[in-house]
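Engineer: Need a 3D model of the sequence below.
(chains A and B)
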2 protein chains.
Amino acid sequence: MTITLGGHFADRDTWSMQNCPVARTLAALGPPSAVLVLSEAYFGTSRFGDFVRNLGMTESAVTARLRHLVKAGLLSREPYQEPGQRTRYEYHLTKMGLDLAPTLVGLMEWGENYLPHEDGRQVMLTHAGCGADVVAEVRCADGHTVGVGDIVMRAPSDAVDGGAEAV
Amino acid sequence: MTITLGGHFADRDTWSMQNCPVARTLAALGPPSAVLVLSEAYFGTSRFGDFVRNLGMTESAVTARLRHLVKAGLLSREPYQEPGQRTRYEYHLTKMGLDLAPTLVGLMEWGENYLPHEDGRQVMLTHAGCGADVVAEVRCADGHTVGVGDIVMRAPSDAVDGGAEAV
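Structural biologist: A predicted model of the protein is given here:
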């Protein structure tokens, strides 16, 4: 069960994945520790000292990862000032950072399913509105759940009238 | 807009993400080049020489990444034999590997949206059945689309009667 290669991609010998969007995304995310800092932002942490404490990372590592994520556009850096203190900075998810939610939920769900902690499952994600479990899914714009075997990969330049014709 | 921490996780000072499922998954996936080898398996590539050619990686790098992915359980290694040739091996996605589809689709979609190639969008994923665009989405078991602000994270040990009560 694999993705079907259509149109421009049909002949696997004519294209390379060396500069594919997955590779670009992984490069932008940076090291795994940057992904953990990003996850921590999803949990509502915004201040430097809280990142350091919650993640159990060194100050210099957190500084480097936050700087990387701000530069990459995933976090914004905004000044705040407590009375009598110097100006400090808070870090908040941008839309670009929030749009990684399906990826991060997918990583979390997969880890819980396949690499369980020795004490069993640690984390459940549920929908605040209805209480049902939350997962990342592959779906199409028409609302169908899509298995890997039902995905067609093509180039935008391929003329398309419908689904199956272009395969 | 962040995830709501409920139950066991409500007091952020009492737990650490050092061994979180996202971290375990990233460790299991290995280096970015292993994720690219995995993506290549999603495109239907199964034989060693095809991985080397399609990925533009060295034989030794592909060997190491395939070995890692087999050991991690994401690919299976199965013997095959062409007439007059020695036994060789094919690599196929396991269910464990296929269940990373939402994560990989999310990585690809995000890269195309936010880190476009200089020549514009390269890749479109569509549903073979209906031709509509395919994306990774966060949804609940009741079928609702779930925004980050509507996710509650709790521990399985937290007693739950519904959604909002446990927050």
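Engineer: Which residue ranges of chain A form helices?
Structural biologist: Listed in chain order, the helices of chain A (DSSP state H) span A:21-29, A:32-42, A:48-55, A:59-72, A:95-98, A:101-114.
Engineer: Comparing the ones you listed, which comes out most buried?
Structural biologist: helix A:101-114 (a mean of 24; mean count of other CB atoms under 10 Å in any protein chain shown). Where you see a C-beta, it was placed from the backbone N, CA and C, and this is true even at glycine.
Engineer: Name the residue closest to the centre of chain A, please.
Structural biologist: Centroid-nearest residue in chain A: residue A:100, 3.1 Å away (criterion: CA atoms, centre = their mean).
Engineer: Isn't that residue up against residue B:109?
Structural biologist: No - judged on CB atoms under 8 Å, residue A:100 makes no contact with residue B:109 at a distance of 10.0 Å.
Engineer: and the end-to-end length of stretch A:135-154?
Structural biologist: 26 Å (CA to CA, to the nearest Å).
Engineer: which stretches of chain A have low pLDDT?
Structural biologist: In the predicted model, chain A carries pLDDT under 70 at residues A:18, A:159-167.
Engineer: hmm, 90 instead?
Structural biologist: The model of chain A has pLDDT under 90 over residues A:1, A:7-9, A:11-20, A:23, A:27, A:56, A:116-122, A:155-167.
Engineer: Out of the helices of chain A, which gets nearest to residue B:3?
Structural biologist: helix A:32-42 (5.2 Å; CB to CB).
Engineer: Show me what the closest one is packed up against.
Structural biologist: helix A:48-55, helix A:59-72, strand A:88-93, helix A:101-114, helix B:21-29 (3 or more CB pairs under 8 Å, 6 or more residues apart in numbering or on different chains; DSSP states H and E).
Engineer: at 10 Å instead, please
Structural biologist: helix A:21-29, helix A:48-55, helix A:59-72, strand A:75-80, strand A:88-93, helix A:95-98, helix A:101-114, helix B:21-29 (3 or more CB pairs under 10 Å, 6 or more residues apart in numbering or on different chains; DSSP states H and E).
Engineer: that older thread, identify the contacts common to residue A:100 and residue B:109.
Structural biologist: Common contacts of residue A:100 and residue B:109, defined by CB atoms under 10 Å, 6 or more residues apart in numbering or on different chains, comprise residue A:25.
Engineer: related to what we said a few turns ago, nearest to residue B:40, out of the helices and strands packed on helix A:32-42?
Structural biologist: helix A:21-29 (10.0 Å).
Engineer: how much space is there between residue A:42 and residue A:50?
Structural biologist: From residue A:42 across to residue A:50, the span is 13 Å (CB to CB, to the nearest Å).
Engineer: And for residue A:137?
Structural biologist: Counting by CB to CB, the separation of residue A:137 from residue A:50 is 32 Å.
Engineer: mind listing what the residue nearest to residue A:39 when sequence neighbours are not counted touches?
Structural biologist: In space, and not counting its chain neighbours, residue A:39 is closest to residue B:22: 5.3 Å by CB to CB, 6 or more residues apart in numbering or on different chains. Residue B:22 sits next to A:32, A:35-36, A:38-39, A:42, A:103-112, A:123 when contact means CB under 10 Å, 6+ apart.
Engineer: residues touching residue A:69, list them.
Structural biologist: Applying CB under 10 Å, 6+ apart, the residues near residue A:69 are A:28-30, A:34-35, A:37-38, A:41, A:75-77, A:91, A:93-94, A:97.
Engineer: for residue A:156, same thing?
Structural biologist: Contacts of residue A:156 by CB under 10 Å, 6+ apart are A:7, A:8, B:112, B:120, B:121, B:122, B:123, B:124.
Engineer: Among these, which one sits closest to residue A:59?
Structural biologist: residue B:112 (35.3 Å).
Engineer: my guess is that closest one meets residue B:124, correct?
Structural biologist: Yes - if you go by CB atoms under 10 Å, residue B:112 and residue B:124 touch, sitting 8.3 Å apart.
Engineer: mind checking how far residue A:123 is from chain B?
Structural biologist: 6 Å (CB to the nearest CB, to the nearest Å).
Engineer: surely that residue meets residue B:23?
Structural biologist: No - with contacts counted by CB under 10 Å, residue A:123 stays clear of residue B:23, the gap being 11.8 Å.
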